[in-house]
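Novice: give me the fold of what follows.
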Amino acid sequence: MIAIAQFLADEHHSCDESFATAEEAAQTGDLVGCRQRFQPFRTAMEHHFQKEEQVLFPAFEQATGNTMGPTRVMRLEHQQMRQTLTEMEQALTGSDLDDFLGQAETLLILMQQHNIKEEQILYPMCDRMLGAAVGPVIQDMRDLPAEPLA
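Specialist: Numbers count the residues shown, from 1 in each chain. Take a look at the predicted model:
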């Protein structure tokens with residue numbers, strides 16, 4: 001059986017690769033290519049956040065009785081990343097690749113710090129605390145439809 005730690009770390013790596021393609025397009029001055037690559041990345045990030053916020057975090061909070069701990073911090077960090085993604089989108093709307101790259105640098109730092117906390121601390125805690133519920137939680141995350149971006 002796959003662990004939450006592996007399932008979601010794999011998603012992190014997939015998002016990282018998608019991000020890198022958008023960033024590479026921006027670095028080469030390919031505005032159209034950057035726009036085309038950024039949207040799937042942003043959609044994948046939002047879907048990942050939704051899996052955690054709508055499925056994993058509530059399951060963890062129910063199992064531990066703790067809603068003010070690591071999941072609260074992760075939700076706040078998701079909000080920071082969402083704001084940066086919005087600013088990146090605005091930079092692309094304004095055809096400003098320099099601003100996009102500046103925001104991309106900020107996002108990269110946020111993602112790296114966030115992913116380390118999740119992969120090294122939260123996800124292993126989830127695997128331990130959820131026990132036999134790990135399989136159903138992963139299935140619920142797989143089944144969660146991606147909601148359109150606002």
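Novice: who are the contact partners of the residue nearest the centre of the chain?
Specialist: For the chain, the residue sitting closest to the mean C-alpha position, by C-alpha atoms, centre = their mean, is residue 45 at 4.1 Å. For residue 45, the contact set (C-beta atoms under 8 Å, 6 or more residues apart in numbering) comprises 15, 81, 85. To be clear about C-beta, it is placed using only N, CA and C from the backbone, and glycine gets the same treatment.
Novice: quick one: which of those residues sit in helices?
Specialist: Counting by DSSP state H, those place 15, 81, 85 in helices.
Novice: got any ranges where the protein has weak pLDDT?
Specialist: The model of the chain has pLDDT under 70 over residues 1, 150.
Novice: from the centre of it, point out the most distant residue.
Specialist: residue 29 (25.6 Å).
Novice: if we can go back for a sec, save the ones in helices among the contacts of residue 45 as JSON lines, and put in neighbour count too.
Specialist: Converted to JSON lines, the ones in helices among the contacts of residue 45 look like this (neighbours: other C-beta atoms under 10 Å):
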{"residue": "15", "neighbour count": "19"}
{"residue": "81", "neighbour count": "17"}
{"residue": "85", "neighbour count": "21"}
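Novice: out of those, which comes closest to residue 53?
Specialist: Nearest to residue 53 among the ones in helices among the contacts of residue 45, counting by C-beta to C-beta, is residue 81 at 12.2 Å.
Novice: skipping its backbone neighbours, what lies nearest the closest one in space?
Specialist: Distances taken as C-beta to C-beta, 6 or more residues apart in numbering put residue 110 closest to residue 81, at 5.3 Å, once the chain neighbours are dropped.
Novice: what does whatever helix or strand that neighbour lives in rub up against?
Specialist: Here residue 110, judged by DSSP states H and E, is contained in helix 97-117. Residues from elsewhere that reach helix 97-117 (C-beta under 8 Å, 6+ apart): 9, 12, 15-16, 19, 22-23, 26-27, 29, 31, 34, 70, 73-74, 77, 80-81, 84-85, 87-88, 91-92.
Novice: do stretch 51-71 as well
Specialist: Identification of contacts with stretch 51-71 by C-beta under 8 Å, 6+ apart yields 4, 8, 11, 74-75, 78, 117, 121-122, 125-126, 129-130, 133, 137, 140-141, 144.
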